[in-house]
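Asker: What follows is a protein structure lacking sequence information:
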């Protein structure tokens with residue numbers, strides 16, 4: 001399907017949710033990048049997945065039980081729980097967690113903006129505007145498998161440098177920037193709140209990042225929401241790195257709802273968690289998203305539902321964000337029998353979708369990837385070929401980057417700033433001031449980073465006649481190269497051959513021992529045309545201890 005066709009079909013299942021409530025002290029908007037505060041009342045907004053009655057062929061049992069427990073027979077919408085959490089009553093807000101009988105503070109009101117059924121129908125030359133419908137909060141439910149994946153990312157950071165580098169939520173304005181007085185006061189309040197959030201446990205933060213709010217919509221007119229018989233929503237198959245994604249969300253929606261309502265963003269799956277699993281519980285997406293798009297539905301190339309976009313994973317002290325998508329399969333699997341019993345519903349038999357062994361999951365992943373080729377995504381064979389020729393390069397215990405194997409003799413092309421960050425005005429490859437002095441590694445962690453034994457060729461002692469590496473680099477920092485093969489990883493030491501002194505940020509490394517199983521990059525000598533798709537395969541922000549999680553695939557367009 002063309003992007004326009006996907007967007008047209010997807011918009012019928014996208015909505016915008018807003019909540020308005022009393023806020024005399026102006027504290028409800030904390031950790032929300034955009035809000036509206038007037039006359040002691042605060043308004044927040046987010047995107048939402050609209051599920052009309054009968055749209056899903058197999059709705060999650062918990063969804064039906066939640067509606068039955070509240071006597072709701074209308075349509076529902078799913079959004080990020082962070083939208084409604086500030087307006088919960090004090091006893092529920094002070095102990096954040098799952099709530100099957102949530103209560104909002106008095107006078108708090110929820111509305112959902114939906115597409116009119118004739119949007120896109122231009123038979124009369126006109127399309128009708130979206131319409132606001134009243135809604136109520138039915139439940140806030142966790143997705144345990146997705147929370148576990150977020151927790152693995154947060155705990156990975158903590159073990160690497162002794163303090164967390166990641167947070168959850170959109171980047172907020174810096175209080176040091178020049179702003180109007182009201183904005184400065186708001187930012188100062190946000191900063192104070194951020195300090196309290198940092199003390200929040202990693203587990204609580206991970207659960208909060210993946211918690212979903214279920215809203216019941218009071219349908220005023222049965223014709224307003226898309227007819228379920230005419231527009232069923234299909235669920236996507238398992239996603240893989242490089243697959244196309246389309247998000248329908250409403251950024252900045254509360255500032256001008258009818259201008260930003262159901263905006264389109266496109267991108268690709270950058271990584272899947274857990275690594276090499278048969279079913280992913282969390283997707284990292286290469287999509288340009290904006291505040292207010294949390295809760296937005298995500299669709300694939302066939303306009304099938306992939307999952308729900310949540311608040312991004314954000315690197316502290318910078319504006320780097322990683323977009324997170326909870327797959328629909330993870331949502332359905334996470335809402336299991338125990339949850340049904342907690343809300344009074346009878347248990348039902350749900351298949352154990354996580355019973356497969358790791359070996360079987362890996363086989364399923366490879367087999368499914370080989371058979372999944374489409375016109376929008378890079379072919380799976382090309383992905384495998386590229387991954388085998390791209391290596392992880394580490395310098396000491398604190399810095400890492402990606403590298404490309406150029407030839408069978410173990411020559412690796414990487415970035416000069418990895419070896420000489422001071423030349424580029426940086427203190428670390430990520431540009432964040434970090435101190436790794438005196439870092440302690442336990443025996444298990446240190447062993448995981450040591451080069452492992454592997455077969456080497458007879459040319460394992462390749463030396464270049466001239467070494468241009470005489471630029472004052474600290475030689476006590478070991479340079480290591482990690483090769484990723486289908487089922488194992490190998491570490492090899494490397495030495496520097498060349499560092500560019502010009503504007504090009506390139507350097508050459510020579511592997512000291514060259515493995516027999518060495519795949520090289522296949523160069524392309526034809527310049528791509530402007531606007532053609534470009535994929536970047538490499539190791540991203542999570543470092544060597546993240547294992548397969550460090551792999552990312554980014555999609556873009558050639559500009560020149």
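Answerer: Ah, there it is. All values reported here derive from a predicted model rather than from experimental measurement.
Asker: now residue 17, nearest residue through space, not along the chain?
Answerer: residue 48 (4.5 Å; Cβ to Cβ, 6 or more residues apart in numbering). Yep, even glycine has a C-beta here, placed from its N, CA and C like the rest.
Asker: what are the phi and psi values for the one you found?
Answerer: Taking degrees, to the nearest 10, you get phi -150, psi 150 for the backbone angles of residue 48.
Asker: number of nearby residues for it?
Answerer: 32 (other Cβ atoms under 10 Å).
Asker: same deal with residue 381?
Answerer: As a burial measure, residue 381 scores 11 neighbours (other Cβ under 10 Å).
Asker: Give me the neighbour count for residue 506.
Answerer: For residue 506, the count of nearby residues is 13 (other Cβ under 10 Å).
Asker: Over to residue 252?
Answerer: Neighbour tally, residue 252, other Cβ under 10 Å: 17.
Asker: Do I have it right that residue 537 meets residue 390?
Answerer: Yes: using Cβ atoms under 8 Å, residue 537 is in contact with residue 390, at 5.4 Å.
Asker: picking that back up, got a list of what the residue nearest to residue 17 touches?
Answerer: By Cβ atoms under 8 Å, 6 or more residues apart in numbering, the contact set of residue 48 is 14, 15, 16, 17, 77, 78, 79, 112, 215, 295, 296, 297.
Asker: quick one: the fifth one from residue 501, how far?
Answerer: Relative to residue 501, residue 77 is positioned 57 Å away (Cβ to Cβ, to the nearest Å).
Asker: The two: who's more crowded?
Answerer: residue 77 (28 against 11).
Asker: Then the more buried one would be within a helix, right?
Answerer: No: read with DSSP: H, G, I helix; E, B strand; the rest coil, residue 77 is strand and lies in no helix.
Asker: Okay, it and residue 263: tell me how far apart.
Answerer: For residue 77, the distance to residue 263 - Cβ to Cβ - is 17 Å.
Asker: Then residue 515?
Answerer: For residue 515, the distance to residue 263 - Cβ to Cβ - is 48 Å.
Asker: Who has more neighbours out of these two?
Answerer: residue 263 (22 against 18).
Asker: and that one, what are its bridge partners?
Answerer: With DSSP bridges as the criterion, residue 263 is bridged to residue 249.
Asker: and residue 150, what does it touch?
Answerer: The contact partners of residue 150, taken as Cβ under 8 Å, 6+ apart, are 168, 205, 206, 209, 210, 282, 313, 324.
Asker: any idea which of these has the most stuff around it?
Answerer: Using other Cβ under 10 Å as the neighbour test, the contacts of residue 150 are led by residue 210, with 31 neighbours.
Asker: if I pick that residue, what's in contact with it?
Answerer: So residue 210 contacts 142, 143, 146, 147, 150, 282, 310, 324, 326 (Cβ under 8 Å, 6+ apart).
Asker: Run a quick neighbour tally on the first one.
Answerer: So the one you mean is residue 142. Neighbours around residue 142, by other Cβ under 10 Å: 19.
Asker: And it, how far from residue 170?
Answerer: For residue 142, the distance to residue 170 equals 21 Å [Cβ to Cβ].
Asker: now the third one
Answerer: In this structure, residue 146 and residue 170 are separated by 19 Å, where distance is defined by Cβ to Cβ.
Asker: Fine by me, we can end here.
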